[in-house]
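Visitor: model this:
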Amino acid sequence: MTPVQALIAKELRSYFVSPVVYVVGSVFLLIVGLLAYLYVVFAGAQAIQLMQMQGSAQINLNDLVFRNLFSSIRFILLIILPILTMRLFAEERKLRTFEFLLTSPIGINEIVAGKFMSVFLVFLGLLGLTGFLPLVLALFSDFDWYPVLTGYLGLILLGALFLSVGVLASALTENQIVAAFVSFGLLLVLWLLAGVGSLLGDTAIGQAISYLSFMEHYDHLVRGLVDTKDLVYFVSGLALMLFLSHRVVDSTRWK
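Guide: Got it, this is the predicted structure:
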């Protein structure tokens, strides 16, 4: 077992002996399930209205259910993912095990990667459970699977970006609550940049600021548009956050 795999296994054990992951996971799945139910009911009501008016009903589940659901999930992730990441480094500092971790025969790159991958695997597990929703709907109605798959790709990339921000926030403090609020604040700023860019209009500065927000990039994937610039945004944002986390952790050696 490599050092990264050993650290991931340790972190996963810590997650699943704690009630946090069960509470967060239950709340996440409950809200997603409730939203999916409401959107399906709305789509059914639209179909009934069309039947009464036109004698036939042709509804688009991709527009009425999945696009709305994916758009809603990003705001849920904005709240719950900082809770999942808040303990990663902050708990090590609080328990005074951070120094032992730094002096262990594991490089800082491996420490940051192991911490990130552990929470990313937890997130993928929660996201995988939501996959039952399109599978169940496929039994009762036809829809285009391509936008659904690109929507899940968007969720994976968005979640990875959010988690990397959370890793950085946790590396900055030993207080888990502070780490969660710092992570939430940074993600909120990234969200609000889309509004600032819109206010500046179709100018070079406005386009640059809008590009820094995850909103437009994620919306493209939800609509089934896979563009290289959107993939580059998420990958580069993830790399930047993990690099900054590495620098923060490395700086503690000289304190």
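
Visitor: burial of Gln5, as a residue count?
Guide: The number of residues packed near Gln5 is 12, by other C-beta atoms under 10 Å. No exception for glycine: its C-beta is placed from N, CA and C like everyone else's.

Visitor: ok, it - contacts?
Guide: Gly114 (C-beta atoms under 8 Å, 6 or more residues apart in numbering).

Visitor: check which helix or strand it maps to.
Guide: Using DSSP states H and E, Gln5 sits in helix 3-16.

Visitor: got it, and Phe143?
Guide: Using DSSP H and E, Phe143 falls outside every helix and strand.

Visitor: backbone torsions only: list them for it.
Guide: Per-residue torsions, Phe143: phi -160, psi 170 (degrees, to the nearest 10).

Visitor: relative to Leu155, how far out is it?
Guide: To Leu155, Phe143 is 17 Å away according to C-beta to C-beta, to the nearest Å.

Visitor: more neighbours: the two, which one.
Guide: Higher neighbour count among Phe143 and Leu155: Leu155, with 21 against 18, using other C-beta under 10 Å.

Visitor: helix or strand for the more buried one, which one?
Guide: With DSSP H and E as the criterion, Leu155 is inside helix 145-172.

Visitor: this structure: helices as residue ranges?
Guide: For the chain, the helices defined by DSSP state H occupy 3-16, 19-54, 61, 67-85, 90-94, 98-103, 108-129, 132-138, 145-172, 176-200, 204-212, 214-222, 228-251.

Visitor: same list (those) but as a markdown table, adding mean pLDDT.
Guide: As requested, the helices of the chain are arranged in a markdown table below (pLDDT from 0 to 100):
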| stretch | mean pLDDT |
| --- | --- |
| helix 3-16 | 83 |
| helix 19-54 | 84 |
| helix 61 | 75 |
| helix 67-85 | 92 |
| helix 90-94 | 77 |
| helix 98-103 | 71 |
| helix 108-129 | 91 |
| helix 132-138 | 87 |
| helix 145-172 | 93 |
| helix 176-200 | 88 |
| helix 204-212 | 83 |
| helix 214-222 | 90 |
| helix 228-251 | 91 |
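
Visitor: which residues touch Val122?
Guide: Leu12, Tyr15, Val21, Leu84 are the contacts of Val122 under C-beta under 8 Å, 6+ apart.

Visitor: buried sites along stretch 194-205?
Guide: Judged by neighbour count using 16 or more other C-beta atoms under 10 Å, the buried positions of stretch 194-205 are Ala194, Gly197.

Visitor: measure Tyr233 to Trp191 for me?
Guide: For Tyr233 relative to Trp191 (C-beta to C-beta), the value is 14 Å.

Visitor: what about those two, which has more around it?
Guide: Tyr233 (21 against 15).

Visitor: run a quick neighbour tally on the spatially closest residue to the more buried one that is not a sequence neighbour.
Guide: Using C-beta to C-beta, 6 or more residues apart in numbering and skipping the chain neighbours, the partner closest in space to Tyr233 is His217 (4.8 Å). For His217, the count of nearby residues is 24 (other C-beta under 10 Å).
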